[in-house]
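[1] Predicted model and sequence follow; I will ask about them next.
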Amino acid sequence: MGLTAGIVGLPNVGKSTLFNAITKANVLAANYPFATIEPNVGVVEVPDHRIKALEAMYHPKKTIYTGFEFRDIAGLVRGASKGEGLGNQFLSHIRTTDAIVQVIRCFDDDEVTHVDGSIDPLRDIETILIELIFADMEVIEKRLPKLKKQASLKADKLIVHEFDLLTNLLAHLKEERPIRSYPLDKDDIAIIKNFSFLTAKPMIYVCNVAEDEIEMENEYVKQVKELAVNDQAQTVIISAKIEQELQTLDEEDRLEFMAEMGMEVSGLDQLIKVSYQTLGLRTFFTAGEKEVRAWTFKDGMKAPECAGIIHSDFEKGFIRAETIHFDDLMMAGSEAKAKEMGKYRLEGKNYEAKDGDIFNFRFSV
């Protein structure tokens with residue numbers, strides 16, 4: 001599945017530095033607004049200890065981790081929804097992402113300029129929220145006049161539903177509240193899906209702190225975390241500079257450096273984990289002598305849908321899924337032993353996939 005998170009924020013908050021760390025790329029990280037214009041795109045491997053264990057068991061010719069795409073999108077400024085800065089060009093890049101990762105400056109440094117002249121995380125968050133709200137309001141205000149006459153006839157229930165829903169969402173946005181905080185049912189979600197509303201996307205706040213504050217919650221971070229609870233958003237604390245430095249080290253030196261900094265896991269691993277949780281993502285595996293591979297699926301997917309992630313023909317001609325859970329396989333020590341223990345199962349079309357399932361799909365086309 002192609003899953004994408006857009007890294008956004010005001011100019012000079014550390015977006016491109018973080019992106020460099022995430023993708024091990026050398027993207028321009030300059031101390032002036034709009035150093036990034038076109039979105040830089042990078043796909044990272046999602047770390048998973050289970051892959052190593054499957055490698056040790058199957059000795060495959062090839063190993064493939066599942067990937068997560070991050071886009072470093074140009075800095076947003078006040079008035080973007082009206083065309084300021086990069087304006088609509090910026091907003092169009094966000095519409096194609098599955099989630100928004102907002103980098104917020106939570107450190108003091110007189111040598112790094114701030115577009116608004118001072119450090120205020122809550123003001124920065126509000127600036128971006130308001131611009132995203134204005135953009136969503138514009139979409140709704142363009143759509144409602146086209147629906148009004150048809151909705152007034154009461155002939156088409158779907159049109160009436162859409163008109164009422166958009167009217168309510170517009171009122172919600174005017175109260176400076178994002179769409180993700182509006183109680184949507186399944187029918188509502190189906191209606192708004194094609195609008196790609198910006199404020200409906202899951203939000204992850206990344207607090208970019210100084211290197212010596214990575215293991216503490218400074219006052220800026222505390223403010224963001226308190227706001228995030230009310231905003232139904234997740235928070236990750238990262239030092240973009242440390243993350244970038246970690247990517248220059250080999251595995252042994254990286255672990256030693258992290259230990260010295262008091263870090264159990266890297267900020268990048270935390271961000272990926274939170275992104276997965278936020279988007280409701282899980283991992284299944286295919287394993288054999290030819291290949292061990294991780295695949296991303298959404299929580300609640302049935303076995304045929306997971307088969308379709310590998311190839312559409314697998315879903316169309318799905319017969320069954322030969323299944324064993326990773327934990328059961330590791331406990332048994334081999335496929336043969338797992339079968340003896342009754343841990344190897346045959347699952348049908350209604351089976352809901354679990355994180356850690358290892359599948360061998362049977363199909364006929």
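    Sure, I can see it. Just so it is clear, the model here is predicted, and its values are computed rather than measured.
[2] So which residues of the stretch 1-150 of the chain form strands?
    Secondary structure of the stretch 1-150 of the chain, counting by DSSP state E, counting those that start in this stretch: strands at 4-8, 40-45, 62-64, 67-72, 99-105.
[3] Surely residue 291 touches residue 59?
    No. Residue 291 lies out of contact with residue 59 (CB atoms under 8 Å); the separation is 11.3 Å. Just so you know, the C-beta spots here come from the backbone N, C-alpha and C atoms, and that holds for glycine as well.
[4] just to revisit the earlier point, just flag whichever of the strands of the stretch 1-150 of the chain has the lowest average confidence.
    For the strands of the stretch 1-150 of the chain, the weakest mean pLDDT is recorded on strand 40-45, namely a mean of 79.
[5] related to what we said a few turns ago, more neighbours: which of residue 291 and residue 59?
    A count of neighbours by other CB atoms under 10 Å puts residue 291 above the other of residue 291 and residue 59, at 13 against 9.
[6] helices and strands of this structure: which one has the lowest mean pLDDT?
    Within the chain, confidence by mean pLDDT, DSSP states H and E is lowest for helix 87-95 among all helices and strands, at a mean of 63.
[7] top helix in this protein by residue count?
    Longest helix in the chain by number of residues (criterion: DSSP state H): helix 121-153.
[8] Just list what that helix packs against, helices and strands only.
    Contacting helix 121-153 under the criterion 3 or more CB pairs under 8 Å, 6 or more residues apart in numbering; DSSP states H and E are the following elements: helix 87-95, strand 99-105, helix 157-174, helix 219-230.
[9] The third one packs against which elements?
    In this case it means helix 157-174. Under the contact criterion of 3+ CB pairs under 8 Å, 6+ apart, helix 157-174 touches helix 121-153, helix 186-192.
[10] Ok, which of those helices comes nearest residue 353?
    Closest approach to residue 353 among those is made by helix 186-192 (20.0 Å; CB to CB).
[11] that older thread, the helices and strands packed on helix 157-174 into JSON lines, with extra columns for mean pLDDT, distance to residue 251 and mean neighbour count?
    Output for the helices and strands packed on helix 157-174, formatted as JSON lines (pLDDT from 0 to 100; distance: least, CB to CB, whole Å; neighbours: other CB atoms under 10 Å):
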{"stretch": "helix 121-153", "mean pLDDT": "91", "distance to residue 251": "34", "mean neighbour count": "17"}
{"stretch": "helix 186-192", "mean pLDDT": "94", "distance to residue 251": "42", "mean neighbour count": "14"}
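[12] could the ones you listed go into a markdown table alongside distance to residue 163?
    A markdown table is the format used below for the helices and strands packed on helix 157-174 (distance: least, CB to CB, whole Å):
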| stretch | distance to residue 163 |
| --- | --- |
| helix 121-153 | 4 |
| helix 186-192 | 10 |
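[13] How far off centre is the longest helix of the chain?
    Relative to its parent chain, helix 121-153 has a centroid offset of 23 Å by CA atoms, centre = their mean, to the nearest Å.
[14] what about stretch 180-199, how long is it end to end?
    Stretch 180-199 has an end-to-end distance of 6 Å (criterion: CA to CA, to the nearest Å).
[15] Now tell me what touches it from outside.
    Here stretch 180-199 makes contact (CB atoms under 8 Å, 6 or more residues apart in numbering) with 91, 94-96, 100, 129, 132-133, 135-136, 139, 143, 158, 161-162, 165, 168-169, 172-173, 178-179, 200-203, 231-232.
[16] And the chain, what are its domain boundaries?
    4-278, 300-363 (automatic domain parsing).
[17] related to what we said a few turns ago, are any of the contacts of stretch 180-199 buried, and which?
    Among these, those buried by neighbour count (16 or more other CB atoms under 10 Å) are 91, 94, 100, 129, 132-133, 135-136, 139, 162, 165, 169, 172-173, 178-179, 200-203, 231.
[18] List the contacts of residue 351.
    302, 303, 321, 323.
[19] who wins for most neighbours among those residues?
    Ranking the contacts of residue 351 using other CB under 10 Å puts residue 321 first, with 26 neighbours.
[20] Could you list every helix and strand that the helix or strand that contains that residue packs against?
    Secondary-structure element containing residue 321, defined by DSSP states H and E: strand 318-325. Judged by 3+ CB pairs under 8 Å, 6+ apart, the packing partners of strand 318-325 are helix 303-310, strand 345-347, strand 357-363.
[21] Compute the inter-axis angle for that strand and strand 357-363.
    Interaxial angle, strand 318-325 versus strand 357-363 (axes from the mean of the first three to the mean of the last three CA atoms, to 10 degrees): 160 degrees.
[22] my read: residue 257 touches residue 249, true?
    Yes. Residue 257 is within contact range of residue 249, at 6.1 Å (criterion: CB under 8 Å).
[23] more neighbours, the two?
    Between residue 257 and residue 249, counting by other CB under 10 Å, residue 257 is the more crowded of the two (16 against 13).
[24] do you know how far that one is from residue 307?
    From residue 257 across to residue 307, the span is 42 Å (CB to CB, to the nearest Å).
[25] do you know which of the helices and strands packed on strand 318-325 lies nearest residue 317?
    For these, the distance to residue 317 is smallest for strand 357-363, at 4.0 Å, taking CB to CB.
[26] between that closest one and helix 303-310, how big is the angle?
    Using the same axes, to 10 degrees, the inter-axis angle of strand 357-363 relative to helix 303-310 is 90 degrees.
[27] buried residues in strand 357-363?
    Buried residues in strand 357-363, counted by 16+ other CB under 10 Å: 357, 358, 359, 361, 363.
[28] for those, which one is nearest residue 108?
    Using CB to CB, residue 357 is the member of the buried residues of strand 357-363 that lies nearest residue 108, at 47.3 Å.
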